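> Whatever this is, show me its structure:
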Amino acid sequence: MDNAVVLAAVRGCLAAGWGALRFNFGGVGESGGRYSGGAEEVGDVLAAASALRAALPPAAPLAVIGYSFGAWVGAQAVSQLADVRHLVAIAPPLRVFGWEFASRLETSVVVIAGDRDTFCPRDRLAALLASTGADHVPLGGADHFLAGREDEVAAAIRDRLGAGATDLIGER
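Okay, here's the model as predicted:
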């Protein structure tokens, strides 16, 4: 949860006037649990969303933001949450994981990806954008790790979230 891209996402949320909750998946850092390849991690996002929802006023909107594996897991969790206003997928690993479910998402989707990201091939990115109607933020010359591009990630999130709500950060 201390990854530079995740911290940039938090900065973007705060700059837009949204709160941010970031967490490690089970088995990462000092978190209990274990890596499951997706199923338990989706549960982690759902549990975090539930805890956050309990701490907020009833009508406060949520966003789910994830980087890499966290983007895939967060997108799956959004498909099970009725009250998410935005999904932001940063460097989604389209080469590694199937995203067929994404066409059924009923929320605003933003995809932030470098045009040199080998985990996010252009043809698969084009298919994801077409199936979801996502807003695409291309980062020219950037790879999957977005090193040195964190300020652009933060700015893209700030600009797309606008002002005034609470945010749930999914993590890589």
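> my hunch is that His86 is in a helix, does that hold up?
No - assigned with DSSP: H, G, I helix; E, B strand; the rest coil, His86 falls outside any helix and is strand.
> Check which helices and strands the longest helix along the chain sits against.
Counting by DSSP state H, the longest helix found in the chain is helix 39-55. If you count contacts as 3 or more C-beta pairs under 8 Å, 6 or more residues apart in numbering; DSSP states H and E, helix 39-55 packs onto strand 18-22, strand 62-67, helix 69-78, strand 165-169. (Glycine included, C-beta is placed from N, CA and C.)
> for these, which one sits closest to Ala142?
The closest of the helices and strands packed on helix 39-55 to Ala142 is strand 62-67. By C-beta to C-beta, the value is 12.8 Å.
> just to revisit the earlier point, how about a markdown table for the helices and strands packed on helix 39-55, with mean pLDDT added?
As requested, the helices and strands packed on helix 39-55 are exported to a markdown table (pLDDT from 0 to 100):
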| stretch | mean pLDDT |
| --- | --- |
| strand 18-22 | 88 |
| strand 62-67 | 95 |
| helix 69-78 | 97 |
| strand 165-169 | 52 |
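> Columns distance to Asp115 on top of the ones you listed, output as TSV?
Below are the helices and strands packed on helix 39-55 laid out as TSV (distance: least, C-beta to C-beta, whole Å):
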stretch	distance to Asp115
strand 18-22	26
strand 62-67	17
helix 69-78	17
strand 165-169	24
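> where in the protein is pLDDT low?
For the chain, the stretches with pLDDT under 70 are 163-172.
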